[in-house]
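Visitor: Here you go, sequence then predicted model.
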Amino acid sequence: MSFASLGLEPALLKALAELDYQDPTPIQAAAIPPALAGRDLLGQAATGSGKTLAFGLPLLQRVLQGGEGRRLRALVLAPTRELASQTAEALRDLARLLPGRLKISVAFGGVSINPQLMGLRGGCDVMVATPGRLLDLHAHNALGFEALELLVLDEADRLLDMGFAEELQRILALLPARRQNLFFSATFPAAVQGLADSLLREPLRVEAPAETPPDILQRAIRVDEAQRTPLLRHLLQTEGWSRLLVFVATQYATELVSDKLWNAGIKAAALHGELSQGTRREVLAALKAGTVQVLVATDVAARGLDIPELPAVLNYDLPRSPADYTHRIGRTGRAGARGVALSFVTATAEAHFRLIEKRQGQRVPREQIAGFEPKEEPAQAPGTGGVKSLTRKSKKDKLREAAAVTAAASAPKPRD
């Protein structure tokens, strides 16, 4: 199948050829024709499968067909600044090669709103934004939605969960009722699925797994909580990774772990939602350039980020949900490359990792690394007759663990 067979206009086909896009991916082939026909879509495909073009090409064709006039006709919502930036960049790359000089704007928090307000003078054709900053722009009367024809939710499962639900409902109340909706994500948990269906009009569900599953070796290493950072240093010395993305549960942990690695002579940096947008760009650029070897991040880095040739990711702390686990490990093994996804499994995290295994339908053998064998054993289920731990923990240790679990469960998601 070729892009020419999907119903795209000649100008878009020419732009794709100039950017060296060869053939559509499965999600693009499945989603583009019904999207061009005006259908509401619920698109699910693995991370790195080409979802941006799956909605971006129909979006651009619709805007091109809308005639002259700088009025906002298409809106793309993304949960993070990085994903919004990457999506806008991909759309702009295509738009530069199209007639009509389409104006594609991008807006997100963490930076001054004033340049974004100035950039919207004279209007725009397409807006890519995070929910919080979009509402800020509307409150400043910088945007009107009267002409909007198309709404895209990129990483829709994140936008539909409780972290963004209130802002999303406020945005939907501002948009015209008659519009086309395209919701795309790698995962749609059951709780989110019902909400998505209620917002769509006779939606067509499109599921297109990658032609070949990502080549990601999953590993689980049993380790005591206090030994995780020493074990991480050991793995960096023995595994030979050129770069590594490490996921932790809290913003505080990103700074703590990256500082410990830096003090040990390992070039590491932190990435979390409280950093300015300029700092976040610099950190990502340093990782891609190789001047930083280890990026220690919260789940702000779990979605949408495309880090070329990332050989491995490591769950220093386990994610809160199996869906987040899928997004995290999807940062490696992209574009046909082989990747490794490691998880540190402490005694207290064993039960949660079993849930992750159950949801993904895959058992990951537990490993132990010589010199870092755990002393604590996972808690036994009630009635099994097992003991909770082979070692007695101090009251301070127990309080520290309880505080860490509470912080991970209740940590607010960054409002971008």
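Guide: That came through fine.

Visitor: for F184, phi and psi?
Guide: The phi/psi pair for F184 (degrees, to the nearest 10) reads phi -130, psi 140.

Visitor: what's the burial count for it?
Guide: Using other C-beta atoms under 10 Å, F184 has 25 other residues around it. Where you see a C-beta, it was placed from the backbone N, CA and C, and this is true even at glycine.

Visitor: do the same with I216
Guide: I216: 18 neighbours (other C-beta under 10 Å).

Visitor: Give me the secondary structure label for it.
Guide: strand (DSSP: H, G, I helix; E, B strand; the rest coil).

Visitor: What are the boundaries of the strands in the stretch 301-416 of the chain?
Guide: For the stretch 301-416 of the chain, the strands defined by DSSP state E, counting those that start in this stretch occupy 312-315, 338-345, 366-367.

Visitor: Redo the ones you listed as TSV? Include mean neighbour count.
Guide: Formatted as TSV, these follow (neighbours: other C-beta atoms under 10 Å):
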stretch	mean neighbour count
strand 312-315	26
strand 338-345	22
strand 366-367	14
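
Visitor: Those strands: which one's closest to P374?
Guide: With distances scored as C-beta to C-beta, the stretch of those nearest to P374 is strand 338-345 (8.9 Å).

Visitor: mind checking which of the strands of the stretch 301-416 of the chain is nearest G290?
Guide: strand 312-315 (14.7 Å).

Visitor: In CSV, please show the C-alpha coordinates belonging to the closest one.
Guide: C-alpha atoms of strand 312-315 as CSV (Å, rounded to 0.1, in the frame of the first residue of the first chain):
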residue,chain,number,x,y,z
ALA,A,312,17.8,0.8,27.4
VAL,A,313,15.3,2.2,30.0
LEU,A,314,15.3,1.3,33.6
ASN,A,315,12.4,1.5,36.1
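
Visitor: how much space is there between the closest residue to A147 other than its chain neighbours and P79?
Guide: Nearest residue to A147, sequence neighbours excluded (C-beta to C-beta, 6 or more residues apart in numbering): R71, at 4.0 Å. From R71 across to P79, the span is 26 Å (C-beta to C-beta, to the nearest Å).

Visitor: Also E166?
Guide: 14 Å.

Visitor: hang on, the earlier thing: compare R71 and P79 (neighbour count), which wins?
Guide: Ranked by neighbour count (other C-beta under 10 Å), R71 and P79 place P79 first, with 28 against 17.

Visitor: pretty sure S258 is touching H272, no?
Guide: No. With contact defined as C-beta atoms under 8 Å, S258 does not count as touching H272 (10.1 Å).

Visitor: out of those two, which sits in the busier spot?
Guide: Neighbours were tallied for S258 and for H272 using other C-beta under 10 Å; the higher tally belongs to S258 (24 against 21).

Visitor: and that one, helix, strand or coil?
Guide: helix.

Visitor: give me every residue that touches T52.
Guide: T52 is in contact with Q86, T87, A90, L91, D154, counting by C-beta atoms under 8 Å, 6 or more residues apart in numbering.

Visitor: State the helix or strand in which it lies.
Guide: helix 51-64 (DSSP states H and E).

Visitor: Low-confidence regions, the stretch 251-400 of the chain specifically.
Guide: Within the stretch 251-400 of the chain, the set of residues satisfying pLDDT under 70 comprises 304, 335-336, 380-400.

Visitor: where's S2 relative to L36, distance?
Guide: In terms of C-beta to C-beta, S2 sits 15 Å off from L36.

Visitor: out of the two, which sits in the more crowded spot?
Guide: The residue with more neighbours, out of S2 and L36, is L36; 17 against 12, by other C-beta under 10 Å.

Visitor: Give the full set of residues in contact with the more buried one.
Guide: Neighbouring residues of L36 by C-beta under 8 Å, 6+ apart: L6, G7, L8, P58, Q61, R62.

Visitor: these two touch, right, the fifth one and A15?
Guide: In other words, Q61. No. The criterion here is C-beta under 8 Å, and Q61 misses it with A15 at 10.9 Å.

Visitor: avg pLDDT for the host helix or strand of P33?
Guide: If you go by DSSP H and E, P33 is part of helix 26-36. The average pLDDT for helix 26-36 rounds to 94.

Visitor: Skip ahead from it and say which helix or strand is next.
Guide: Using DSSP H and E, the next helix or strand after helix 26-36 towards the C-terminus is strand 41-44.

Visitor: From the chain's centroid, how far away is that following strand?
Guide: Computed by C-alpha atoms, centre = their mean, to the nearest Å, the chain-centroid distance of strand 41-44 equals 16 Å.

Visitor: ranges for the helices of the stretch 251-400 of the chain?
Guide: 251-263, 277-289, 322-329, 350-360, 395-410 (DSSP state H, counting those that start in this stretch).

Visitor: Return the distance of the closest residue to A337 other than its chain neighbours relative to L77.
Guide: Counting by C-beta to C-beta, 6+ apart, E309 is the residue found nearest to A337 once chain neighbours are left out, at 6.7 Å. According to C-beta to C-beta, E309 and L77 sit 29 Å apart.

Visitor: quick one, which of those two is more surrounded?
Guide: When neighbours are counted by other C-beta under 10 Å, E309 and L77 differ, and L77 comes out ahead with 26 against 13.

Visitor: show me the contacts for the closest residue to that one other than its chain neighbours.
Guide: Excluding its sequence neighbours, the residue lying closest to L77 (C-beta to C-beta, 6+ apart) is L153, at 5.4 Å. By C-beta under 8 Å, 6+ apart, L153 lies in contact with L77, L159, L160, N181, L182, F183, F184, S185.
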